[in-house]
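# Sequence unavailable; structure follows:
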């Protein structure tokens, strides 16, 4: 499934069991909500995700990040979402990096690995290393 409208588009790579989302321009709260809805509807919450914001910005307030994180944490705790896979954010700006780290701090209790990477290759390598660790 592909959502083609900017500023946030995504692809479900079922063969790789991977989701790649790409931001361009200002990504706002409604974009992230649509993305989460697509993950749930597509049945791919168990797929690791790469959220590439290297060419976009998160046009969000810290309070919005906290609210998203609170919703994810609550849904994880009560079993609504089921297992949530690892998330790798690709960020080049300090602002996007800081927001991704804030989200990671606020969802730490979900036991979902999260990392902020500087490139798509680094994100893929990290996710692959997690798969190797689980296989051994």
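Yep, that arrived. Computed from a predicted structure; not experimentally measured.
# Checking the residue nearest to residue 107 when sequence neighbours are not counted next. Helix, strand or coil?
The shortest distance from residue 107 to any residue other than its chain neighbours is 4.8 Å, reached at residue 69 (Cβ to Cβ, 6 or more residues apart in numbering). In short, each C-beta sits where N, CA and C put it, glycine included. Secondary structure for residue 69, judged by DSSP: H, G, I helix; E, B strand; the rest coil, is helix.
# number of nearby residues for residue 69?
The local packing count at residue 69 equals 19, with neighbours defined by other Cβ atoms under 10 Å.
# give the contact list for it.
102-103, 106-107 (Cβ atoms under 8 Å, 6 or more residues apart in numbering).
# Tell me which of those residues fall in helices.
Among these, the members falling in helices (DSSP state H) are 102-103, 106.
# Which residue ranges of the protein form helices?
Under DSSP H, the chain gives helices at 29-42, 62-77, 94-106, 120-135.
# Lowest average pLDDT across those?
Out of the helices of the chain, helix 62-77 stands lowest, with a mean of 80 (criterion: mean pLDDT).
# relative to helix 29-42, how tilted is it?
With axes from the mean of the first three to the mean of the last three Cα atoms, to 10 degrees defining the directions, helix 62-77 sits at 20 degrees from helix 29-42.
# tell me the angle helix 62-77 makes with helix 94-106.
Going by the same axes, to 10 degrees, helix 62-77 makes 30 degrees with helix 94-106.
# Tell me which residues of helix 62-77 come out buried.
Along helix 62-77, the positions that meet the burial threshold by neighbour count (16 or more other Cβ atoms under 10 Å) are 65, 68-69, 72-73, 75-76.
# Could you report the separation of residue 11 from residue 38?
Taken as Cβ to Cβ, to the nearest Å, the spacing of residue 11 relative to residue 38 amounts to 11 Å.
# The two - which one has more neighbours?
With other Cβ under 10 Å as the criterion, residue 11 and residue 38 differ in neighbour count, and residue 38 comes out ahead with 18 against 14.
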